[in-house]
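1. only the shape, not the letters, is given here:
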Ligand SMILES: C[S@@+](CC[C@H](N)C(=O)[O-])C[C@H]1O[C@@H](n2cnc3c(N)ncnc32)[C@H](O)[C@@H]1O
């Protein structure tokens, strides 16, 4: 069976890794939410050898994820776990939570669950990294992101690019402090928060 494949992941994995090398330098454990194909997990884990990478996704993504993990194993790459952000979260704590391209797929309640769940599962001073295309309240979307936003909304009214300000508003309510908003290739961003308590 052919492994699931994302060209976007192949293209963005190195630019994201370049930032994660710095951002996660003091982290020993990372939980990835919505790992998808698993391409990010298999690329990041061996390139961040000082930490343990825990992929996760919904149950219907586990088979594809396992194909990548079995084909490209790494000592510090854990077996994937089933995690629906809107259901029960694991009880163990992590130093960082990483999630790419999930906030525009999740309904807003799912985004709230993702941020609140991440806060709960993070150790003190833990880091939350969200990668993807986002809106910024005061700026018009670039044509590619505008088209993407429209195509998401045509599949579901609950989907669409999220405003960075709205995400940060949520973060502020739960004591996550925004550390960085990094511009990434192809009009994507890497948003970084830290648990203040
Ligand atoms: C657009 S894909 C992104 C996959 C991968 N992170 C990437 O960048 O290619 C969105 C992912 O979010 C996952 N997802 C959707 N709803 C979810 C939920 N309620 N809880 C956890 N993951 C969810 C999907 O299964 C899918 O793998």
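-> Everything's here; your move. Here the structure is a predicted model, which is why all the values come from computation and not from measurement. Numbering: from 1, shown residues only.
2. who touches the longest helix that the chain contains?
-> Longest helix in the chain, counting residues (DSSP state H): helix 7-23. Helix 7-23 has contacts (Cβ atoms under 8 Å, 6 or more residues apart in numbering) with 36-37, 39-40, 43-44, 47-48, 96, 98, 100-101, 127, 129, 131, 180, 182, 184-186, 188, 190, 192. Yep, even glycine has a C-beta here, placed from its N, CA and C like the rest.
3. filter these by proximity to the ligand?
-> Filtering those for neighbours of the ligand using Cβ under 6 Å from any ligand atom leaves 36, 100-101.
4. of the residues you listed, which belong to helices?
-> Among the ones next to the ligand among the contacts of helix 7-23, no member falls in helices (DSSP H).
5. now, which of these sits nearest residue 152?
-> Closest approach between the ones next to the ligand among the contacts of helix 7-23 and residue 152, by Cβ to Cβ: residue 101, at 10.8 Å.
6. select only the buried ones of the contacts of helix 7-23 in ChimeraX?
-> Selecting only the buried entries of those in ChimeraX, with 16 or more other Cβ atoms under 10 Å as the criterion:
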select :36,37,39,40,43,44,48,96,98,100,101,127,129,131,182,184,188,190,192
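7. quick one: which of the contacts of helix 7-23 sit in helices?
-> Filtering these for membership in helices, criterion DSSP H, returns 39-40, 43-44, 47.
8. adding pLDDT, write the ones next to the ligand among the contacts of helix 7-23 out as CSV.
-> Formatted as CSV, the ones next to the ligand among the contacts of helix 7-23 follow (pLDDT from 0 to 100):
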residue, pLDDT
36, 98
100, 98
101, 98
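9. the ligand: which of those residues is nearest?
-> Nearest to the ligand among the ones next to the ligand among the contacts of helix 7-23 is residue 36, at 2.5 Å by Cβ to the nearest ligand atom.
10. ok so, going back, quick one: which two of the ones in helices among the contacts of helix 7-23 are the most distant?
-> Farthest pair in the ones in helices among the contacts of helix 7-23, by Cβ to Cβ: 39 and 47, 12.7 Å.
11. sorry, back to before: and the longest helix of the chain, does that touch the ligand?
-> Yes: shown here: helix 7-23 in contact with the ligand (Cβ under 6 Å from any ligand atom) through residue 9.
12. and that helix, how far out from the chain middle?
-> Centroid separation for helix 7-23 versus its chain: 12 Å, with Cα atoms, centre = their mean, to the nearest Å.
13. same deal with stretch 150-161?
-> Worked out by Cα atoms, centre = their mean, stretch 150-161 lies 19 Å from the chain centre.
14. how about the residues of this protein that lie near the ligand?
-> Listed as neighbours of the ligand in the chain under the rule Cβ under 6 Å from any ligand atom: 6, 9, 33-36, 57-58, 61, 83-86, 100-102, 105-106, 110.
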